[in-house]
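**Q** kindly generate the corresponding structure for this input.
(one chain, ligands or ions: 1)
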Amino acid sequence: MADALLCRDVRKSFGPVRALNGTTLRVERGTIHGLVGENGAGKSTLMKVVMGEIEPDSGRIEAAVRPGMIRQQLSTIPEFSVLDNIIFGNEPVRRGLITRRAAAAQVGELMEQIRLPLPLRAEAALLPPALQQRMEILRVLYHRAELILMDEPTALLTPYEVDALFDLLRRLVAQDHTVVFITHKLREVEALCDAVTVIRHGRTTHHWPDRSFSVTDIAAAMVGEGAADAGPVHPARGEITASDVLLSVEVAGRQVTVRAGEVTGIAGVAGNGQDALVEHVCGLAAHPGFGSVALGGRPIDHWPTKRRRAAGLRLIPADARQWASAAEAGIVDNVITSEVAPAFTGRFGRLRKRAMARHAAEVVAAGQVVASGIEQKAGELSGGNLQRLVAARELTPGGTAVIAHEPTRGVDFRAARAIRHRLRAFADQGGATLLVSSDLDELFEISDRIVVLYRGTVAGQVARGDFSRARLGALMGGLAGEEAAS
Ligand SMILES: Nc1ncnc2c1ncn2[C@@H]1O[C@H](COP(=O)(O)OP(=O)(O)OP(=O)(O)O)[C@@H](O)[C@H]1O
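**A** A predicted model of the protein is given here:
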């Protein structure tokens, strides 16, 4: 079969960082090709080279068809209609005017061809992430791309939406399109991909041109010889007394509590109140339906976010790039947050630069952040490495309670395990961990109990001994009534 894409011995350095160091990628036409590797391996950089956004230092790129890319951070123009988003940059024009009707007809044909209906007149901002992603897929197809590059496309999707995306991608390759699929979820590679390439430190280490791979083979190729992980993190089951409640929040009349030494998981299909819960507890926004928040037994409802942080409330947000880092600032400035700053301020307000650097280096080491140095700008870190940095910063000693909202999104499997381990350790050392996650395996691994949110209310609570997919699934789908709290 012919190649849709051939990247040969591609090299690209950013200053001292060798992002690509002889990467080769061969993608057959009409296939779904998995591209995997640890955080910072060079996957996104390679895709940017293919798109012509980054000039490689050396190497060859041969694309037999036009490439189009769908990024982790969607490029939706919120105030535009769905149609205008799709045709943006390639609008059909007659006598100097955009002919929307002709465009709508063309897009309508495309939607029919790939069985992907969308409300073209709707304002794009109103679409949920899964539909915005479909809109982007339509956009690249409308722009005549036949090689679709997708960077972690399932990160924001619910399990049903993932199935729908996979069906769509299969339909596309049946129509002679080609897909390069970047993911950290090896089960997705197993379910979807016809071939796989693994890159490690900017170099291609393994390539399976067909489905002869196994998840274990891929994991081993990603991390290198002898570096495979042990099993899951085991939660410590200490004696917990009711007086030790460190964090509590009222959710539609029910108390959700996290005691010292405990990990409370929050499960639910995305969009059932998880974002609002996190914002409410951290003081980023007050949401009706949620009531009083207490930290260490004290109500903190009227405290601004800064005071909550000073009192030991930590947050690992789902999107570290947007909410928890300053892209233009270096790692040191990103880890010296306002609560720790006094410890690094000497007499006459002078900054203790050496101590700051030491602290930053410790956070980088604890989080296993791959960076060229502690002065590297946060905006230059790969997505997964930035998430690692923020997780490590928030889990440094001194915290009372941590809210971890999809803390391992975009993080490779080894680093994800390390983050879960640290969330568990934070609790074991006397803190309270509230883990909000759409990943049931993650919740099962470290939670002492799981609270299920459904339409902004508590659908039920399940204690560790009673965890099962069936039970959680029923609560998440609104099919089961109240479960006994434990
Ligand atoms: N503009 C840049 N300036 C400096 N360094 C960069 C820049 N872009 C990427 N890098 C570095 O290049 C390396 C590869 O990054 P890249 O984003 O390609 O990794 P990735 O495999 O996509 O990782 P992730 O799984 O975390 O998204 C990283 O070490 C990163 O810090």
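
**Q** now the helices for the stretch 251-400 of the chain?
**A** For the stretch 251-400 of the chain, the helices defined by DSSP state H, counting those that start in this stretch occupy 274-282, 305-310, 320-323, 331-335, 353-366, 383-394.

**Q** tell me what the second one is packed against?
**A** Helix 305-310 is packed against no helix or strand, with contacts defined by 3 or more Cβ pairs under 8 Å, 6 or more residues apart in numbering; DSSP states H and E. Any C-beta I mention is one placed from the backbone N, CA and C, and that applies to glycine too.

**Q** re the thing from before, for the helices of the stretch 251-400 of the chain, could you give me a markdown table that also reports mean neighbour count?
**A** Listed next are those as a markdown table, based on neighbours: other Cβ atoms under 10 Å:
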| stretch | mean neighbour count |
| --- | --- |
| helix 274-282 | 21 |
| helix 305-310 | 15 |
| helix 320-323 | 17 |
| helix 331-335 | 23 |
| helix 353-366 | 17 |
| helix 383-394 | 27 |
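
**Q** could you tell me the least trusted of the ones you listed?
**A** Ranked by mean pLDDT, the helices of the stretch 251-400 of the chain bottom out at helix 320-323, with a mean of 78.

**Q** of all the helices of the stretch 251-400 of the chain, which one comes closest to Lys43?
**A** helix 383-394 (9.7 Å; Cβ to Cβ).

**Q** tell me what angle that closest one forms with helix 353-366.
**A** Interaxial angle, helix 383-394 versus helix 353-366 (axes from the mean of the first three to the mean of the last three Cα atoms, to 10 degrees): 120 degrees.

**Q** now helix 383-394, how far from the centre of its chain.
**A** 11 Å (Cα atoms, centre = their mean, to the nearest Å).

**Q** for the stretch 1-150 of the chain, what lies in contact range of the ligand?
**A** Within the stretch 1-150 of the chain, the positions adjacent to the ligand are 14, 17, 19, 37, 39-45 by Cβ under 6 Å from any ligand atom.

**Q** what is the nearest of the residues you listed to Pro209?
**A** Checking these against Pro209 by Cβ to Cβ gives Gly37 as the nearest, at 17.5 Å.

**Q** quick one, phi psi at the closest one?
**A** Note on Gly37: backbone dihedrals following degrees, to the nearest 10 are phi 170, psi 160.

**Q** which SS class is the most centrally placed residue in the chain?
**A** Centroid check for the chain by Cα atoms, centre = their mean gives Arg409 as the closest residue, at 2.8 Å. Recorded secondary structure, Arg409: coil (DSSP: H, G, I helix; E, B strand; the rest coil).

**Q** that one against Arg388, yeah?
**A** No - the pair Arg409 / Arg388 is not scored as a contact, 11.5 Å apart, by Cβ atoms under 8 Å.

**Q** quick check: the residue of the stretch 351-486 of the chain found nearest the ligand vs Glu188, distance?
**A** Closest to the ligand within the stretch 351-486 of the chain is Gly384: 2.9 Å, counting by Cβ to the nearest ligand atom. As for Gly384, its distance to Glu188 is 16 Å (criterion: Cβ to Cβ, to the nearest Å).

**Q** repeat that for Val363.
**A** The gap separating Val363 from Glu188 is 31 Å, by Cβ to Cβ.

**Q** Thr337 now?
**A** Counting by Cβ to Cβ - Thr337 and Glu188 are separated by 34 Å.

**Q** the more surrounded of these two?
**A** Shown here are Thr337 and Glu188; by other Cβ atoms under 10 Å, Glu188 has more neighbours (19 against 15).
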